[in-house]
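In: please work out how this folds:
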Amino acid sequence: MRSVVISGSSTGIGASTAKVLIGRGFRVYGGVRRKADGERLRRELGERFEPLHFDVTDRPAVDAAAALVGQRLDGQTLCGLVNNAGIAVLGPLLHLAPDDFRRQLEVNLVGQLQVTQAFAPMLGAGNAFAGAPGRIVMMSSVAGRNASPFMGPYNTSKFGLEGFSECLRRELMLFGIDVIVIAPGAVATPIWDKADAFDPDRLAHTPYAGALRIARRAIDDGRRGLPAERIGNVVHTALTASRPKIRYVVTPTRLVQWLTDTLPKRVVDRIVAKRLGWQ
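Out: Down below sits the predicted model:
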């Protein structure tokens, strides 16, 4: 049976991807931080789901999870690693606590490095496991190519993840391990409920106060985003296609995304400024 590890599988894209892959015959080892989430997913997804209890920033816990999976594989390679875990820190950069910025990078970048290093031998980076090399799927975002005001920490982490993934893909050619990036746009997941915790009123004393209230309305648009299962289907394609793309963009606003990607940056700057009431 083909086996896959998914970090950040408690809810949203991670949980939906686990459900899609299990439905298509995979065994999934899902990273969760809380034991209760692992038990819930085991009940919902059945015996082909096994929870792994780790936070991506906790290297000893990541290594312990990798050791457990290594035992379960019985010498055979892992089919895939889906680096999905991540958080979104919001706020204007001039008023951002440096510790919050560090936490964003620690989870979304350093955490991905730690998980990748721990599971790479099982994907075929070495001689300890027999079988076809596995693949790594990196969960980036359309925000990894285009930045938005007040999403600076998240944008920085995703821009970094894109560079990390490209370098990793080229380095792992030595072992035949492919690295595929998935860049979702708005997806209807609990991340939008977590975004409610960001209160623009606490920055009411700054020049950004009005624009922050406008930007908060994007949360409602996010709740009307793509179903998370759609991303799970693309992960399945990335893991199984004979010639997968290097990067898959999955967004409900394809025309808007195309315009943002192709218009001159100065033009996009003016559009953003007008939307926020700065022009």
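
In: please pull out the lowest mean pLDDT helix or strand from the protein.
Out: Across the helices and strands of the chain, mean pLDDT, DSSP states H and E gives its lowest value to helix 191-195, namely a mean of 58.

In: just how off-centre is the helix or strand harbouring residue 230 within its chain?
Out: For residue 230, the host element (DSSP states H and E) is helix 228-240. Distance, stretch centre to chain centre, for helix 228-240: 13 Å (Cα atoms, centre = their mean, to the nearest Å).

In: kindly report the same for stretch 99-119.
Out: 11 Å.

In: and what of stretch 244-253?
Out: On Cα atoms, centre = their mean, the centre of stretch 244-253 falls 13 Å from that of its chain.

In: straight-line length of that stretch, end to end?
Out: One end of stretch 244-253 to the other measures 23 Å (Cα to Cα, to the nearest Å).

In: do stretch 104-120 as well
Out: First-to-last residue span, stretch 104-120, Cα to Cα: 23 Å.

In: name the residues of it that come out as buried.
Out: Using 16 or more other Cβ atoms under 10 Å as the test for burial, stretch 104-120 gives 104, 106-112, 114-116, 118-120. C-beta coordinates here come from the backbone N, C-alpha and C atoms, glycine included.

In: and residue 13, how many neighbours?
Out: 26 (other Cβ atoms under 10 Å).

In: now swap in residue 227 and tell me
Out: Neighbour tally, residue 227, other Cβ under 10 Å: 13.

In: the closest residue to it other than its chain neighbours: neighbour count?
Out: Spatial nearest neighbour of residue 227, chain neighbours left out: residue 188 (6.0 Å); criterion: Cβ to Cβ, 6 or more residues apart in numbering. Using other Cβ under 10 Å as the criterion, residue 188 is surrounded by 16 other residues.

In: other SSEs contacting the helix or strand following the helix holding residue 230?
Out: Next along the chain after helix 228-240, taking DSSP H and E as the criterion, comes strand 247-250. Secondary-structure packing of strand 247-250 (3 or more Cβ pairs under 8 Å, 6 or more residues apart in numbering; DSSP states H and E): strand 178-184, helix 228-240.

In: how about residues contacting strand 247-250?
Out: Here strand 247-250 makes contact (Cβ atoms under 8 Å, 6 or more residues apart in numbering) with 140, 142, 180-185, 226, 230-231, 234, 237-238, 257.

In: strands paired with it, and their directions?
Out: Counting by DSSP bridges, the strands paired with strand 247-250 are strand 178-184 (parallel).

In: who are the neighbours of the helix or strand just after the strand it pairs with, in terms of helices and strands?
Out: Using DSSP H and E, the helix or strand that follows strand 178-184 in sequence is strand 187-188. Contact here means 3+ Cβ pairs under 8 Å, 6+ apart; on that basis strand 187-188 packs against helix 218-223, strand 226-227, helix 228-240.

In: show me the shaky parts of the stretch 151-279 of the chain.
Out: Low-confidence segments of the stretch 151-279 of the chain (pLDDT under 70): 189-200, 218-224.

In: how does it look with 80?
Out: Along the stretch 151-279 of the chain, segments meeting pLDDT under 80 span 188-201, 216-225.

In: most tightly packed of the helices and strands packed on strand 247-250?
Out: Ranked by mean neighbour count, those are led by strand 178-184 with a mean of 23 (mean count of other Cβ atoms under 10 Å).

In: just give the number of residues close to residue 253.
Out: When neighbours are counted by other Cβ under 10 Å, residue 253 registers 15.

In: over to the one 4 residues further on?
Out: Other residues within reach of residue 257 by the criterion other Cβ under 10 Å amount to 18.

In: residues touching it, list them.
Out: By Cβ under 8 Å, 6+ apart, the contact list for residue 257 reads 142, 185, 249, 251.

In: alright, that wraps it up for me.
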